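Peer 1: Build me a structure from this.
(chains A, B, C, D, E and F)
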There are 4 protein chains.
Amino acid sequence: MEEAVAGRATRGRPRSERARSAVLEAAAELLVSGGIDAVTMEAIAARAQVSKATLYKWWPSRAHVMLESLFSRTRHTTEIDESAPLEEALVSQLSLVTREFRETETGPLMADLVAAGQADPDIRAALDEQWLRPRRQITTRLLRAAVERGELDPGIDLAAAVDQLFAPVYYRLLLGHEPLHDDLAATLTGQLLNGLRTGAAAPKG
Amino acid sequence: MEEAVAGRATRGRPRSERARSAVLEAAAELLVSGGIDAVTMEAIAARAQVSKATLYKWWPSRAHVMLESLFSRTRHTTEIDESAPLEEALVSQLSLVTREFRETETGPLMADLVAAGQADPDIRAALDEQWLRPRRQITTRLLRAAVERGELDPGIDLAAAVDQLFAPVYYRLLLGHEPLHDDLAATLTGQLLNGLRTGAAAPKG
Amino acid sequence: MEEAVAGRATRGRPRSERARSAVLEAAAELLVSGGIDAVTMEAIAARAQVSKATLYKWWPSRAHVMLESLFSRTRHTTEIDESAPLEEALVSQLSLVTREFRETETGPLMADLVAAGQADPDIRAALDEQWLRPRRQITTRLLRAAVERGELDPGIDLAAAVDQLFAPVYYRLLLGHEPLHDDLAATLTGQLLNGLRTGAAAPKG
Amino acid sequence: MEEAVAGRATRGRPRSERARSAVLEAAAELLVSGGIDAVTMEAIAARAQVSKATLYKWWPSRAHVMLESLFSRTRHTTEIDESAPLEEALVSQLSLVTREFRETETGPLMADLVAAGQADPDIRAALDEQWLRPRRQITTRLLRAAVERGELDPGIDLAAAVDQLFAPVYYRLLLGHEPLHDDLAATLTGQLLNGLRTGAAAPKG
DNA sequence: CTCTAAACGAGACGGTACGTCTAGTCTTTCA
DNA sequence: TGAAAGACTAGACGTACCGTCTCGTTTAGAG
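Peer 2: This is a model prediction of the structure:
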């Protein structure tokens, strides 16, 4: 028996890779050029030379297309050095996200997806599972290790701590009342680790 | 001429108060009963017995109706005792918002408005100016006074600190990965004031 | 009280006559230029500069548009001189229809409407009531008067007789196996009145 | 090469008889159960367990499938006794068709095929050649023989006469303004042969 | 006590995207 | 190499809501 490969053995015509990637590209281009409202199923289909039927067959909604478009473009913001000192690791992780949001179209895309998630639980779930949770898990792991090393207070609420690091970034992304400037990652990390009280901070050293 | 009151002196029929309040009520009812997607201009007009023309005359968009509906219902979450001790004041302020979001329709409404703000800068601005900024200003004032009293480190970034208190609440409201439980306000405040490091926390006294 | 007129008293914006006539014209033009398959609701809307919503509001289907288009164009084929001698009146009536079908777009339009009627009972009913029945009634009246004058056998089946005059015209229109030539009206009338048998015919004078 | 059998000698897999008959059956069943609109290529393929490609390979359109379905079921309406007396033979021929239309699904099927013929010349041609013409030819032959025997006036228009016998049946089938009742065949034949005029009819003996 | 003008309800309008459907074609694997 | 499976492009379907536009009808203050 020669055919050793995983064996797919599906019968009919296989899914067109051309269609898939053309759709994701079209969605990204439309987003960049015309904003979220320009990303209609109609427009995606027209630009990608794909029929609406095919679109709806593989993606249940506009937002799902954008989700996949997002994930297919940005993977690297999870790649940090977890063996670095705690504060350094946290700052590095936060910096990656902050810069990605500020300097690429990932920022507006993410904002729009969070918005879409309010009306569509599927979007919200996908966003959480495929984007937020992996990042939160890394941070939780970092903090828990520090607790075990005796660096952090064992009584802390890890979930709340993680949110105090990440939430401000998304909050500013969505509301825009303050910019996502370069020092933000370090400031958030420093203030949370050391607290705001006078003297409490023996910052870095 | 008796009419000495300030200006106006418009001739025609005055704006109908009935229409105004009927619209705001209709919007709120629709939101509660059918979610954000049920709040269409068409539906508001039908339910409020108001013509679409009137609707568009006074509110430029669906989201503006919801904004006014929001503001006309919740004012009291800014009313805290600023003379209380710092931690107590902060916890009290955060608790008010958290409870309001968790227990009334203000939560979903706010989430939808933040979402709407992604596509409409007017919404975003109104949300910031009429809701977020007043609350941030109170918190900033509290923190600045504590700095001046010598309780807090003068080097802290006030804007970032405020976000580390409030952002997690909105973040959880929008993403739903963790609940808005009762202890959240105290946890966020305690962890930020005292920091996470071992020993640093001699929380309160 | 001056206002004595019937009073329309409709409240909202009145129906646009422009839209109505543009639709009927567009439908006719599309039919002529591209055949029945070109007459889609989509194309009518586009050509008439009318929204699809308006189209569907006033006409439940494509075929109803064509029906009204037909009726708004041809009324005169019922105008014959009923006081003429029987054979002359019948030939004249049949000739009008035959020529109308052969020389104008009413022929193909009628054929398509009969076809549409197979799938849509509304079409079939409208076609019968508004087109066929009025014409059949005239013919029935002519024949009945002739019976009463003693010209025709009182035992004849009027409905069948009418069909033996008209049906061949529609039959040829739909099947096309024989042309709708000029003599057809006279031939059908003569053969039916006089019969096919030898000698029976003392055909005319 | 052993395969010596007569002819064929085509290479590859032979056409599947299973597919052919399953398609024709499926088409008939769909027509009966859901009317003409239920007979889509899609539905036929699904019901017959046949791929659409195969369907299109052997039948160029939906209507061709229905045509073949029609012809594969009804052949016997041409089998009459041409040696019978003229009126008897004509009535017998008309009766066969009338009953077939009234009592089986051939009626609606024929109506739909005539309808389909308006949009598809192939259908119209097939319908004429394979169904209508054979029947018209028999009638024409009967009438011509009667002319030669001196029973009928030699001046008659045979084509028109045939239409005056058959057209009313199809006309009623398509328009439905009058039923295809049992006496129709006799009435149509009698009225045409004897004419409508008083006294002319000394019908039969 | 009129006149006038703005705001009102009703509702039709052109436009656009929606999500579904069927038509035909194309590309695989199976027999 | 034909057939079954099924993915593909194309485009019409009928619906919903958008924001605008007439209408005829109130409802006040100005004259």
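Peer 1: what's the pLDDT at whichever residue of chain A sits closest to chain B?
Peer 2: Residue nearest to chain B within chain A (C-beta to the nearest C-beta): A:Gly195, separated by 2.8 Å. All C-beta spots, glycine's among them, are computed from the backbone N, C-alpha and C. Looking at A:Gly195, its pLDDT stands at 95.
Peer 1: what about it, how many residues close to it?
Peer 2: For A:Gly195, the neighbour count with other C-beta atoms under 10 Å in any protein chain shown is 25.
Peer 1: Once you drop chain neighbours, what's closest to it?
Peer 2: Closest residue in space to A:Gly195, ignoring its immediate chain neighbours: B:Gly195 at 2.8 Å, by C-beta to C-beta, 6 or more residues apart in numbering or on different chains.
Peer 1: A:Pro60 and A:Asp122 touch, don't they?
Peer 2: Yes: taking C-beta atoms under 8 Å as the definition, A:Pro60 is a contact partner of A:Asp122 at 7.0 Å.
Peer 1: secondary structure class for A:Gly12?
Peer 2: Assigned with DSSP: H, G, I helix; E, B strand; the rest coil, A:Gly12 falls in the coil class.
Peer 1: Would you map the helices across chain A?
Peer 2: A:17-34, A:41-48, A:52-58, A:62-71, A:86-103, A:106-119, A:121-127, A:133-148, A:158-175, A:184-194 (DSSP state H).
Peer 1: how about those, which one is nearest D:Leu67?
Peer 2: Closest to D:Leu67 of the helices of chain A is helix A:52-58 (C-beta to C-beta; 29.4 Å).
Peer 1: how about that closest one against DNA strand F, any contact?
Peer 2: Yes: counting by C-beta under 7 Å from any atom of the strand, DNA strand F has neighbours in helix A:52-58: A:52-54, A:57-58.
Peer 1: now for that helix, which elements pack on it?
Peer 2: helix A:17-34, helix A:41-48 (3 or more C-beta pairs under 8 Å, 6 or more residues apart in numbering or on different chains; DSSP states H and E).
Peer 1: Which one, of these, ends up nearest to A:Arg141?
Peer 2: helix A:17-34 (30.9 Å).
Peer 1: Check what contacts the closest one and list those residues.
Peer 2: A:38-39, A:43-44, A:47-50, A:54-55, A:58-59, A:65-66, A:68-69, A:72-73, A:105, A:108-109, A:112 (C-beta atoms under 8 Å, 6 or more residues apart in numbering or on different chains).
Peer 1: Residue nearest the middle of chain A, spatially speaking?
Peer 2: A:Trp131 (4.1 Å; C-alpha atoms, centre = their mean).
Peer 1: So A:Thr74 sits against A:Glu105, correct?
Peer 2: No: look at A:Thr74 against A:Glu105 with C-beta under 8 Å: they stay out of range, at 9.8 Å.
Peer 1: Quickly, which of the helices of chain A bottoms out on average pLDDT?
Peer 2: Across the helices of chain A, the lowest-scoring stretch is helix A:121-127, with a mean of 85.
Peer 1: Count residues in the vicinity of the closest residue to chain D within chain A, would you?
Peer 2: Per C-beta to the nearest C-beta, A:Gly12 is where chain A lies closest to chain D, at 9.2 Å. Close neighbours of A:Gly12, defined as other C-beta under 10 Å, add up to 6.
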